[in-house]
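> Build me a model from this:
(2 chains)
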Amino acid sequence: MADTDQTEALRARVAAAAEQGEPLSIVGGGSKRFYGAPVQGSALDVSGHRGIISYEPTELVLTARAGTPITEIEDALAAQGQRLVFEPPRFSAGATLGGVVAAGLAGPRRPYGGAVRDMVLGLRLINGRGELMRFGGEVMKNVAGYDVARLNAGALGTLGVITEVSLKVLPAPAARATVAMEADPTQCHEWSEGWLRNGRPLSGLVHDGERLYARFEGTASAVDDAVAAIAGEALESASADALWQSIRDHGHAFFAPGDTPLWRIALPPGSDPTGLGDQWLIDWSGQQVWLRGHPAPATLRERAAARGGSATLFRGRIEGVDVFPALDPVQSRLHRNLKKAFDPRGILNPGRLYPDAEIC
Amino acid sequence: MPAHALFRDEDLRFDVDVDPLVQSLRQVLPAEGLIVHEQGRRAYECDGLAPYKQLPRLVVIPETIEQVQVVLQQCHEAGVPVVTRGAGTSLSGGSLPHPQGVLLAMGKFNRISEIDTQRRIARVEPGVRNLAITEAAAPYGLYYAPDPSSQIACSIGGNVGENAGGVHCLKYGLTVHNVLAVKVITMEGEITTIGSDCLDTPGLDLLALMHGSEGMLGVIVEVTVKLLPNPLTKQVLMASFADVGSGGHAVAGLIGRGIVPGGLEMMDGAAIQAAEDFVQAGYDTDAAAILICELDGSEAEVADQMKAVDECLREHGATRIQVAADDQEKARFWAGRKAAFPAVGRISPDYYCMDGTIPRKQLAYVLQRISEISAAESLETVNVFHAGDGNLHPLILFDGNQPGQLEAAERAGSAILQLCVEVGGTVTGEHGVGVEKINEMCVQFASAEIEQFHGIKAAFDEKGLLNPGKAIPTLNRCAEFGHLHVHNGELPHPELDRF
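Just a heads-up that it's a prediction; the model follows:
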């Protein structure tokens, strides 16, 4: 598909919807349709608004239209020896840049490399009044005005239609290797800390219930030293790459499609990642736990909260259960006010974050 | 006094009799926590941007979170503005008092509540100094990464308010990348914790929004920061260049090779001379520019990178490369850079520090234009540059005792900031807008964007009581300032080769 700038058409469409009070459901590649609560609204298709606008490897910045497939961006980066450090899950081939930023989801490298929002330098956005605005920029450091660009990372399109994003990109490391070993799943954090404090370039740590897998990425010498120092089985590179891709994109057997709900538990470092459910997969050195099955939602949320974390109903719907845990009253009010400030008529992805569409 | 009005009529709409407020605050604050007399208030009339002075109506120094809540509740009720101040090191007048308001000094909130060495988290009160966090973490082999030059004095609450940077940002990020949570009191006096000990928290990313919000959205009473393990080893080298353009190309060359140094700083000839005279860092005073490059990691990693860096710098015309022989020399190489501002203070009665960020490839062009802009005002500039991330600090030298020089420096400063926007950059990389760059915000942002900022402000603070007149200009101010919004990156003469 050819690069096309549809900014004005998108803006006009949002402005018209604003006038009518017509709810819009923003769609890119549709790869994360399952995520967040369903939205009743006319589809606003952003996928035709695509193309890399500028990419200067030595500036470490890439700017592209929101509908650009994330794979196209990753290919362009790879050709210059660079990458998106947050390793966004793609779920399916259509995933777009706009969707990656709006969902704010990151892959296995997140704890060691950074989140989507950490790499968002600026964006263009159509707010719920149909106004096109630009926040942030294409430079690493920028404190002019409130950080609206990062605020929109993970907002699931409830504050605006993202039309363009500038991202910080980073050099890809020279070498990588993965080691598998038997380990107690409650010890993920200890292993991770031991390696990090010894300067090992850890870039992924998962436990699938049977084994712990650790990925190292860096200079050849650092990666070789790490592998040599660890008593485990070094995976052959093709199968290692396939493993990490399956964790990242949820192609792993653990995530196999089915009716069983998938929960995502965020935990503080060093918490016990076990004991929350029977079927689990631990990622992020224990700071992200995936659960399959039918745990009692209220109990699960209480247990996660008791450990200082939170539980999100990531995939699959349960009658009467919200996707995201409720906010405290102060933050509910702030969300409500912010939503009104960006989208006074509540037309953008109403209810996708919280069932009370006025909250966001 | 500065050339432009600090506060406009619309910022001075809070003409309230504060006597009843004083009476009721006496009930909740310790005797020394409420300063009414002029002499006591005088101590708070300015922050790190010293030419800007303003007496606050009252100074309040709370000691507990409950006291902060009551102060805010009562100010909210009475309609009295509140300006929060930490260590008072803002370089943009962020904590300049409001003439009709309370100056809320958070200096008593100076305790480190917790260093969790297992989780690598520190929980601290907002008045804790940046460097004190690293000092407290050091016995455990940990540190807090963002290190603004004022780290010995500046406090963490202000670091969040300004999204402070430092010399290690390219690799380790800004304050926003190193803070996990903040406990905030709203203008209504309610308390909430934004963020958590986890890597993400449900809901909108209000934590990102709090960073760089310049005390306009809430009052921070606790900050949870991430600590990092000390790198196993560090190496520092210094390269000399015959012109700044080559230095800029060398930086691009390093990054093109996939090297992201822990620190990468550039100084121009005037800055080198000033720093060398001040701290005898061993700088090459014959060079037109020097690059200071710090590499960190494991021994093997650093050795590999040193080799690549050395090759690359020579390819790009480095005339001399000095590698620090030991820890003392590493510290000395950095001492010159970190002391650049005071060093300049020795050679000029006053200086005005700017803070634009530019795409790095525009460096040579921007430096050329900066020298032309200052020459037109018969002033000189000295430049230090966070070369890795494009954050430029031109220091405009002037003498405030010479009539008209401060105004000339401000005109030059404003022109430099507009230049940064013109080349696709921003008016402030890490110092904040405050009261200093509020007019230039009109150049960087269009009306719809400025209105959206005001909408965000109102979402948190409906009455507009927190730090009024800072950070976001009113549209009236922009109309009066009279500058058109320049579209980023759309240069007047795009055909010109600027590097």
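> Going by C-alpha atoms from here, please, whenever you check contacts or count neighbours.
Will do.
> Got the domain ranges for the chain?
If you meant another chain, say so; for now it's chain A. A:7-171, A:173-318 (automatic domain parsing).
> think we crossed wires, I meant chain B
Using automatic domain parsing, the domain ranges for chain B come out as B:9-105, B:114-229, B:233-342.
> The longest one near chain A anywhere?
Going back to what we said before, that points to domain B:114-229. Yes. Using CA under 8 Å from any CA of the partner chain, domain B:114-229 reaches chain A at B:118-119, B:162-163, B:165, B:170, B:174, B:176-177, B:190-192, B:196-206, B:208-209, B:211-213, B:229.
> Contact partners for residue A:261?
A:292-294, A:313-318 (CA atoms under 8 Å, 6 or more residues apart in numbering or on different chains).
> Got a ChimeraX select line for the buried ones in these?
To isolate the buried subset of the contacts of residue A:261 in ChimeraX, counting by 16 or more other CA atoms under 10 Å in any protein chain shown, use the following:
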select /A:292,313,314,315,316,317
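> now the domains of chain A in a markdown table, with distance to residue A:341 and mean pLDDT?
Putting these into a markdown table (distance: least, CA to CA, whole Å; pLDDT from 0 to 100) gives the following:
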| stretch | distance to residue A:341 | mean pLDDT |
| --- | --- | --- |
| domain A:7-171 | 9 | 97 |
| domain A:173-318 | 26 | 96 |
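> Show me which residues of the stretch 351-499 of chain B are close to chain A?
B:357-361, B:389-391, B:424-433, B:441, B:445-446, B:448-449, B:452-453, B:455-456, B:459-460, B:471-472.
> still on that earlier bit, and the domains of chain A, which is most packed in?
domain A:7-171 (a mean of 22; mean count of other CA atoms under 10 Å in any protein chain shown).
> Residue A:326 is nearest to which of the domains of chain B?
domain B:114-229 (8.3 Å; CA to CA).
> before we move on, the earlier item: could you dump the contacts of residue A:261 into JSON lines with secondary structure added?
Output for these, formatted as JSON lines (DSSP: H, G, I helix; E, B strand; the rest coil):
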{"residue": "A:292", "secondary structure": "strand"}
{"residue": "A:293", "secondary structure": "coil"}
{"residue": "A:294", "secondary structure": "coil"}
{"residue": "A:313", "secondary structure": "strand"}
{"residue": "A:314", "secondary structure": "strand"}
{"residue": "A:315", "secondary structure": "strand"}
{"residue": "A:316", "secondary structure": "coil"}
{"residue": "A:317", "secondary structure": "coil"}
{"residue": "A:318", "secondary structure": "coil"}
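> could I get the domains of chain A as CSV with distance to residue B:24?
Converted to CSV, the domains of chain A look like this (distance: least, CA to CA, whole Å):
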stretch, distance to residue B:24
domain A:7-171, 34
domain A:173-318, 38
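> So for residue B:34, which of those domains sits nearest?
Between these, domain A:7-171 lies closest to residue B:34; by CA to CA that is 31.4 Å.
> what's the span of the closest one from first residue to last?
Chord length of domain A:7-171, first to last residue, is 30 Å (CA to CA, to the nearest Å).
> Next: stretch B:23-41.
Termini of stretch B:23-41 sit 17 Å apart (CA to CA).
> likewise stretch A:152-159?
Across stretch A:152-159, first to last residue, CA to CA, it's 7 Å.
> what comes into contact with that stretch?
The set of residues external to stretch A:152-159 that reach it, using CA under 8 Å, 6+ apart, is A:26, A:36, A:99, A:101-105, A:116-117, A:120, A:127-128, A:160, A:339, A:342-343, A:348-350, A:352-353, A:360, B:203-205.
> what do you get for stretch B:456-468?
Here stretch B:456-468 has contacts from A:334, A:337-338, A:341, B:11, B:76, B:79-84, B:95, B:98, B:186-187, B:214-218, using CA under 8 Å, 6+ apart.
> Over to stretch B:400-410?
Counting by CA under 8 Å, 6+ apart, B:2-3, B:349-350, B:352, B:374, B:377, B:379, B:396-399 sit against stretch B:400-410.
> among the residues of domain B:114-229 next to chain A, which ones are buried?
Among those, those classed as buried by 16+ other CA under 10 Å are B:119, B:162-163, B:165, B:170, B:174, B:176-177, B:190-192, B:196-206, B:208-209, B:211-213, B:229.
> Sounds good, over and out.
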